[in-house]
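Student: one predicted model, sequence on top.
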Amino acid sequence: MLITIDTLRADALGYAGNARARTPNLDRMAAEGAVFLQAHAHNVMTLPSHANILTGRYPFEHGVRDNDGFRLDSKTETLATLLHAAGYATGAAIGAFPLDARFGLDRGFDLYDERYPQGASEYDFRVAERPAPEVTAVARRWWAENAGRRRFLWVHLYDCHSPHVPPPDLATSFASDPYLGEVAGVDEALGPLFEDLRASAPAPLLVVTSDHGEALGDHGEETHGLFAYEATLHVPLIVWRPGVIRPGRDSSLRRHVDILPTLLEAARVPVPADLPGRSLLSPPDPRAASYFEALSASLTRGWAPLRGMLRSAEKFIDLPIPELYDLRSDPAERSNRFAEGKETAGELKRLLPPLSAAAAAPGTEETAGRLRSLGYLSGGGTLRKSYGVEDDPKRLVGLDRDLQEIVRLYQGGRIRDAIALARSAMKKRPTMPVLYEFLSYLEDQSGEPTRAIATLEESRRRGYLDERLTTRLGLLYSQTGKPQEGLALLEPLRGSSNPDALNALGIARATAGQPGAAIEAFQRALRLDPKNAVAWQNIGLTHVHEKHPEQALEAFEKAFAINDRLPRAWNGRGAALEELGRHAEAIESWKKALALDPQQFEALLNLGSVALERGQPDLGREALTRFIATAPPALFAEDIQRARRLLHTRG
Ligand SMILES: [Zn+2]
């Protein structure tokens, strides 16, 4: 069993000496198992880091360098493919969208359970996630169902990710440190799963780690992904198997790439010969080095790429302003010893793989396309022009805080302030692709789709428009009554291997009055990704629009068989049922849409007007009043008027 606790700092645990942490379950596993106190990740973002853990390879080998725009190719072997081929039952319980099956880590798993709720918007700053107790419940069920078989289970818990909001019962006791409150919540959720493990015979092997830590203000960074200081690169690592693995503590440099060989060895499955890691159960290699990188800011903001090398306690960070630290004497990385340690730094730098080869590593076409569109590769393998000290993320950490603040303002409902801050950040540094993406999203959300279009057009002029943003721009044109412009952008993507692009193309075609061609695009998305519930949802919505309620209901059933937490599909299902005269069921369907997403304004309006008509005046009045109070007037002006009239005449 492999448990990855997202965003968990190495020092946020009781067994690691943190007196404020409340982690009795993990502490007990640590006391009974082997604890690796100097374990390190190679990436500080969720998807690439999990790709490292599951493939046992460095990011420049498997090609996944960031969350967005990357997908593990279909050839690289993973823990799941290797164990599955060896006859293991394989299951995964996933906590959040960054590890969605679409990113390719699902290969080799019999069960890849990723049923977190999906929001109304295809793109949002909120990450779709589900709480640890739900994930561990899925994990426990699968573990029990596969008892007696050789089994491999991966459990991913996302709760410690920002925003830091502990479960209600822990909020008071951790009011001054909500991050540790979230960690305590995860530990609590793990208790029953650990009990199952103790009761399993023969004793299973358990590996617990995190994909990266959380900066919490260290070096001016708030969350993770920008730098690769110890706050985010240093991870917890426990290996437990009572009666087989002797309890103890190991302070040598250990790495995420060492996890796969450890699990394969325990399963008596041959370890591929060309892997960089070695089993954690073999004695440490004193010459071992660990590669790391943080490329997100480089890929999405055009800042200097951050890469580095750890060897024993020496840590070199390769940036325009290079850094060298001795982690033994300076674990907080306060004093940069690069000036005195040029020789050591040079040695470590020579261990780095060339970045060009790195960026050209096998990935999907999509990946290569994204890198190219951001100026990483031109044609085949040359890097963007050099980076200066002004591109060093250390100099730009203020802008990083601006970006975090924009998200916080938006999430706190202060969208005007978020837009103002995005515009001022853009003045400071107009060469950050991600700012155009943020700003256009905020403008769209604030009911100004025309401004959002202008922002994305500027981004296109600058060469930042990748397939994802092209998809959004196309959708915006469709939604603002310019389906031809939408089609002009999206029709060229009809051969895309990205289901999101095909879903957008289908929506553009439907808006342009081509329902048949629209359904064709959704079906193509389904051929690429048979578990794409949103494509079934879109087929259903197209049928609703075409007044084919029976076919719509069939499509929604197919969507719900994959994921029953799609608020727009529940809204559409309500409309189809209403069309068939099944009013009571329609009302229940809209209620379900609203329970999943209170911002389903159409569902609110439908529910209100039908309930009023069908003898449920209290329910109807409540829904319409809420609709009038909360629906954005920019988008629902006429409907709000209609709701007022309804309340007046019938309410
Ligand atoms: Zn993560």
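Tutor: Sure, I can see it. Numbers count the residues shown, from 1 in each chain.

Student: so who does Gly346 touch?
Tutor: For Gly346, the contact set (CB atoms under 8 Å, 6 or more residues apart in numbering) is empty. Glycine gets a C-beta too; all of them are placed from N, C-alpha and C.

Student: figure out the helix or strand that it lives in.
Tutor: According to DSSP states H and E, Gly346 maps onto helix 342-350.

Student: from the chain, which residue is nearest to the ion?
Tutor: Taking CB to the ion, the ion has its nearest neighbour within the chain at Thr46, 3.1 Å off.

Student: what are the phi and psi values for Asp466?
Tutor: Dihedral pair for Asp466: phi -90, psi -170, per degrees, to the nearest 10.

Student: same question for Glu61.
Tutor: phi -90, psi -50.

Student: per-residue pLDDT, it?
Tutor: In this model, Glu61 is scored at 93, pLDDT.

Student: also Ser162?
Tutor: Model confidence at Ser162 (pLDDT) stands at 87.

Student: look up the closest residue to it, ignoring the ones flanking it.
Tutor: Once flanking residues are discounted, Ser162 sits nearest to Thr223: 5.0 Å by CB to CB, 6 or more residues apart in numbering.

Student: ditto for Leu624
Tutor: Once flanking residues are discounted, Leu624 sits nearest to Gly608: 3.6 Å by CB to CB, 6+ apart.

Student: what residues of the strand or helix carrying the one you found count as buried?
Tutor: Using DSSP H and E, Gly608 falls within helix 601-613. Across helix 601-613, burial judged by 16 or more other CB atoms under 10 Å covers 601-612.

Student: again, but for stretch 513-531
Tutor: Across stretch 513-531, burial judged by 16+ other CB under 10 Å covers 514-515, 517-519, 521-522, 524-526, 529, 531.

Student: for it, give me every contacting residue.
Tutor: Outside stretch 513-531, the residues within contact range by CB under 8 Å, 6+ apart are 101-102, 483, 494, 497-499, 502-503, 505-507, 509-510, 532, 535-536, 538-539, 542, 545-546, 562.

Student: now with 7 Å?
Tutor: 101-102, 494, 497, 499, 502-503, 505-506, 509-510, 532, 535, 538-539, 542, 546, 562 (CB atoms under 7 Å, 6 or more residues apart in numbering).

Student: just the C-alphas of it, formatted as CSV.
Tutor: Provided in CSV are the C-alpha atoms of stretch 513-531 (Å, rounded to 0.1, in the frame of the first residue of the first chain):
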residue,chain,number,x,y,z
GLY,A,513,-27.2,25.4,-34.6
GLN,A,514,-25.4,22.2,-35.6
PRO,A,515,-26.6,19.7,-33.0
GLY,A,516,-25.7,16.7,-35.0
ALA,A,517,-22.1,17.8,-35.5
ALA,A,518,-22.0,18.8,-31.8
ILE,A,519,-22.9,15.3,-30.7
GLU,A,520,-20.3,13.9,-33.0
ALA,A,521,-17.6,16.1,-31.3
PHE,A,522,-18.8,14.9,-27.8
GLN,A,523,-18.7,11.3,-29.0
ARG,A,524,-15.2,11.8,-30.2
ALA,A,525,-14.2,13.1,-26.8
LEU,A,526,-15.8,9.8,-25.4
ARG,A,527,-13.7,7.7,-27.7
LEU,A,528,-10.6,9.3,-26.4
ASP,A,529,-11.7,9.2,-22.8
PRO,A,530,-14.6,6.7,-22.3
LYS,A,531,-14.9,7.9,-18.7
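
Student: from the chain's centre, how far out does it sit?
Tutor: How far stretch 513-531 lies from its chain's middle: 25 Å, per CA atoms, centre = their mean, to the nearest Å.

Student: same check, this time on stretch 267-280
Tutor: On CA atoms, centre = their mean, the centre of stretch 267-280 falls 28 Å from that of its chain.

Student: now the buried members of the contacts of stretch 513-531.
Tutor: Judged by 16+ other CB under 10 Å, buried ones among the contacts of stretch 513-531: 101-102, 499, 502-503, 505-506, 509-510, 532, 535, 538-539, 542, 562.

Student: now intersect these with the helices, please.
Tutor: Judged by DSSP state H, helices contain the following of the buried ones among the contacts of stretch 513-531: 499, 502-503, 505-506, 509-510, 535, 538-539, 542, 562.

Student: per-residue pLDDT, Gly363?
Tutor: Gly363 is given a pLDDT of 36.

Student: next SSE downstream of the helix or strand of the chain with the lowest mean pLDDT?
Tutor: Sorting the helices and strands of the chain by mean pLDDT, DSSP states H and E puts helix 365-373 at the bottom, at a mean of 38. Toward the C-terminus, helix 365-373 is succeeded by helix 397-411 as the next helix or strand (DSSP H and E).

Student: let me see the mean pLDDT of that following helix.
Tutor: 90.

Student: helices or strands next to that helix in the packing?
Tutor: helix 415-428 (3 or more CB pairs under 7 Å, 6 or more residues apart in numbering; DSSP states H and E).

Student: if we use 10 Å, what do you get?
Tutor: helix 296-301, helix 415-428, helix 433-445 (3 or more CB pairs under 10 Å, 6 or more residues apart in numbering; DSSP states H and E).

Student: low-confidence bits of the stretch 551-651 of the chain, can you list those?
Tutor: By pLDDT under 70, the weakly predicted segments of the stretch 551-651 of the chain are 651.

Student: wait, the stretch 51-200 of the chain
Tutor: 117-126.

Student: now the helices for it?
Tutor: Counting by DSSP state H, counting those that start in this stretch, one finds helices in the stretch 51-200 of the chain at the ranges 59-62, 79-85, 132-145, 168-171, 178-199.

Student: would you mind giving the orientation angle of the last one with respect to helix 132-145?
Tutor: In this structure, helix 178-199 runs at an angle of 10 degrees to helix 132-145, with axes from the mean of the first three to the mean of the last three CA atoms, to 10 degrees as the basis.

Student: which bits of this structure sit near the ion?
Tutor: With CB under 5 Å from the ion as the criterion, the chain meets the ion at residues 6, 46, 211.

Student: burial measure for the first one, as a count.
Tutor: Using other CB atoms under 10 Å, Asp6 is surrounded by 24 other residues.

Student: which residue, other than its chain neighbours, is closest to the residue nearest to the spatial centre of the chain?
Tutor: Compute the mean C-alpha point of the chain, and by CA atoms, centre = their mean the closest residue is Pro98, 2.1 Å away. Closest residue to Pro98 apart from its sequence neighbours, by CB to CB, 6+ apart: Thr46 at 4.1 Å.

Student: now do the same contact list for the one you found.
Tutor: Thr46 makes contacts with 4, 6-7, 66-67, 95-99, 103, 127, 156, 158, 161, 211-212, 224-225, as judged by CB atoms under 10 Å, 6 or more residues apart in numbering.

Student: mind running it again at 8 Å?
Tutor: So Thr46 contacts 6, 67, 96, 98-99, 211-212 (CB under 8 Å, 6+ apart).

Student: adding distance to Gly463, write those residues out as CSV.
Tutor: Output for the contacts of Thr46, formatted as CSV (distance: CB to CB, whole Å):
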residue, distance to Gly463
Asp6, 33
Asn67, 22
Ala96, 31
Pro98, 26
Leu99, 30
Asp211, 31
His212, 30
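
Student: narrow those to those in strands?
Tutor: Applying DSSP state E to the contacts of Thr46, no entry is found in strands.

Student: wait, Ala203 touches Asp196, no?
Tutor: No - in this structure, Ala203 is not within contact of Asp196 by CB atoms under 8 Å, at 12.0 Å.

Student: can you report how many residues neighbour the residue lying closest to Lys428 once chain neighbours are set aside?
Tutor: The shortest distance from Lys428 to any residue other than its chain neighbours is 6.6 Å, reached at Leu399 (CB to CB, 6+ apart). Applying other CB under 10 Å, we find 19 residues neighbouring Leu399.
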